[in-house]
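Enquirer: would you be able to build a 3D model of this:
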Amino acid sequence: MLTLEQIRHALRDRRPGMVAEATGLHLNTVRDVRDNPKANPTYKVLKALSDYLTQHQERDVING
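Expert: From the prediction side, this is the model:
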């Protein structure tokens, strides 16, 4: 599982609306994790974002 800092870094070039839709998280939750250094997301949120980002990183490598 990715760390919070890795998730924040990976979210910088993603569209929050698309991430929210794909993960089932609220748009504001995705934005808060990305933009708020004091955000304290739950394990469920971190897991959903980590799974999403890991899956899409693998696709990016395959589709190069």
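Enquirer: do you have the helices of the protein handy? List them.
Expert: For the chain, applying DSSP state H gives helices covering 4-11, 16-23, 27-35, 43-63.
Enquirer: helices and strands around the second one, which ones?
Expert: This means helix 16-23. Secondary-structure packing of helix 16-23 (3 or more Cβ pairs under 8 Å, 6 or more residues apart in numbering; DSSP states H and E): helix 27-35, helix 43-63. In short, each C-beta sits where N, CA and C put it, glycine included.
Enquirer: I figured Gly24 hits Ala48, correct?
Expert: Yes. In terms of Cβ atoms under 8 Å, Gly24 counts as a neighbour of Ala48; the distance is 6.8 Å.
Enquirer: so where's this protein uncertain?
Expert: 58-64 (pLDDT under 70).
Enquirer: find the centremost residue of the protein, please.
Expert: Leu49 (3.6 Å; Cα atoms, centre = their mean).
Enquirer: and that residue, what is it in contact with?
Expert: Shown in contact with Leu49 (Cβ atoms under 8 Å, 6 or more residues apart in numbering): 2, 7, 11, 19, 23, 25, 30, 33, 41.
Enquirer: surely Val19 touches Leu11?
Expert: Yes. Assessed by Cβ under 8 Å, Val19 is found in contact with Leu11 at 6.8 Å.
Enquirer: overlap of the contact sets of those two?
Expert: With Cβ under 8 Å, 6+ apart, Val19 and Leu11 have common neighbours 30, 49.
Enquirer: just give the number of residues close to Ala39.
Expert: 14 (other Cβ atoms under 10 Å).
Enquirer: ah, wrong one, I meant Gly17
Expert: Counted with other Cβ under 10 Å, Gly17 comes out at 11.
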